[in-house]
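**Student:** for reference, the sequence and a predicted model appear below.
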Amino acid sequence: MIPTGFKLYVGIAVAALTAAVVGGYTSGGDGIGPLSAGYKGGVGDHVSYAILLGVAFVAIIVGALLTIFHDADAEAVAEEMGTETAPVGQRPVAASIWPIIAGIGVGFVTVGLAISATITGVGFVILTIVAFEWTMTAWADRATGDAATNAALRNQVMSPFEVPLLGLLGAGVVVLAMSRIFLAVSEIGAVVFGAVVASIILGVGVLVATQPKLSKNVMTGIVGIIAVGVLAGGVWGAIEGTREIEEHHEEHSDDEPHEEGESAETSEAES
């Protein structure tokens with residue numbers, strides 16, 4: 001039986017080798033250079049090719065070590081410890097949404113580096129929060145052997161901080177994203193967009209009021225879809241830029257002089 005760890009790290013090695021070969025050919029490699037590690041032909045960009053080869057090599061070594069040590073197999077552990085049975089294994093950690101949010105933060109940073117320093121800053125703020133939250137989640141998952149107790153412990157420690165801070169951050173991100181959309185579309189488009197947003201908010205409010213026992217997963221899905229839509233629109237608005245806004249100048253009556261020079265000439269003529 002092939003251990004799970006071996007499958008994981010061999011998969012990483014295959015992905016790194018494939019990326020090295022593709023990157024080698026697309027960055028100027030020729031012949032069979034990228035396939036032969038430069039033995040017959042060029043490999044293109046040497047830095048990226050060497051890094052990817054190094055990742056593949058390390059992954060293969062780790063996978064081989066996991067196979068040799070039976071990937072923490074219970075029978076192998078019991079034999080090594082000299083006991084009839086192995087100790088109880090660690091409880092699997094709970095599902096976490098933080099990897100997804102971290103991916104969103106990386107996307108903000110990547111897009112922001114190309115178009116806007118503000119979006120880059122938002123991305124770094126998201127990544128900072130994810131690092132802290134993910135750390136606390138990992139700590140709570142290993143605090144005890146009971147999942148409910150771990151969740152209660154985490155909420156007791158983090159809720160006083162994360163509820164107001166995440167609410168403030170979420171409101172700020174939504175306001176920033178919507179402002180980018182309003183500034184990017186036309187005047188009529190801004191009115192239509194505002195009406196659509198108001199209708200969605202009203203619809204969600206009516207749904208919550210009429211369905212008080214609505215599933216938490218359904219509400220999370222609805223809010224998540226709306227949030228992703230607003231963020232995507234904000235990124236689009238930042239890419240499009242601000243529409244041309246006409247400047248309105250104050251009109252002067254014919255009886256009033258427009259410039260100081262005109263006033264002076266009038267005074268001289270009267271004298």
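**Tutor:** It's in.
**Student:** where does this structure have its least confident helix or strand?
**Tutor:** Of all helical and strand segments in the chain, the minimum by mean pLDDT, DSSP states H and E falls on helix 260-270, at a mean of 51.
**Student:** so who does the spatially most central residue of the chain touch?
**Tutor:** In the chain, the residue lying closest to the centroid (C-alpha atoms, centre = their mean) is residue 104, at 1.2 Å. By C-beta atoms under 8 Å, 6 or more residues apart in numbering, the contact list for residue 104 reads 126, 231. C-beta here means a position set from N, CA and C on the backbone, and glycine is covered the same way.
**Student:** can you do 10 Å?
**Tutor:** Neighbour list for residue 104: 123, 126, 127, 130, 227, 228, 231 [criterion: C-beta atoms under 10 Å, 6 or more residues apart in numbering].
**Student:** and what of residue 23?
**Tutor:** Residue 23 touches 29, 34, 43, 44, 45, 48, 49, 51, 52, counting by C-beta under 10 Å, 6+ apart.
**Student:** what's the separation between it and residue 46?
**Tutor:** 11 Å (C-beta to C-beta, to the nearest Å).
**Student:** just residue 177 next, same as before
**Tutor:** Residue 177 sits 41 Å away from residue 46, going by C-beta to C-beta.
**Student:** please apply the same query to residue 140.
**Tutor:** Residue 140 is 45 Å from residue 46, by C-beta to C-beta.
**Student:** tell me which of these two has more neighbours.
**Tutor:** residue 140 (22 against 12; other C-beta atoms under 10 Å).
**Student:** quick one: which helix or strand includes the more buried one?
**Tutor:** Using DSSP states H and E, residue 140 maps to helix 117-141.
**Student:** so which elements touch that helix?
**Tutor:** helix 98-115, helix 147-184, helix 216-240 (3 or more C-beta pairs under 10 Å, 6 or more residues apart in numbering; DSSP states H and E).
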